[in-house]
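> No sequence on hand, only this structure:
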């Protein structure tokens, strides 16, 4: 598998991880003795999702630009 496929696969698994952390955070924060730092747990997967998502967003534009620069 090339790098783009790895990034896509990582992005998918990060989405699952983010969803699970959000659900767990909501469940924990609805309890009476909730710890407030739990609300920060989804931020790491969210930041990684942002990075991989931006990479995947820019990828087609970078590929087209690279193809235009190649001399025929």
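Here it is on my side, so go on. From a predicted model like this one, the values you see are computed outputs, not experimental measurements.
> so where's this protein uncertain?
1, 71-72 (pLDDT under 70).
> Secondary structure element holding the residue sitting nearest the centre point of it?
Compute the mean C-alpha point of the chain, and by Cα atoms, centre = their mean the closest residue is residue 49, 1.3 Å away. Per DSSP states H and E: residue 49 is located in helix 43-69.
> if we can go back for a sec, list the contacts of the residue nearest to the centre of the chain.
Listed by Cβ atoms under 8 Å, 6 or more residues apart in numbering, the contact partners of residue 49 are 11, 14-15, 18. C-beta: built from backbone N, CA, C; applies to glycine.
> Out of the residues you listed, who's the most crowded?
residue 14 (20 neighbours; other Cβ atoms under 10 Å).
> Helix, strand, or coil at the closest residue to residue 48 other than its chain neighbours?
Closest residue to residue 48 apart from its sequence neighbours, by Cβ to Cβ, 6 or more residues apart in numbering: residue 14 at 5.2 Å. Under DSSP: H, G, I helix; E, B strand; the rest coil, residue 14 falls in the helix class.
> Would you confirm that residue 14 contacts residue 53?
No - between residue 14 and residue 53 there is no contact under Cβ atoms under 8 Å: 9.0 Å.
> Could you report the neighbour count for residue 12?
11.
> That one: what's it in contact with?
Residue 12 touches nothing, counting by Cβ under 8 Å, 6+ apart.
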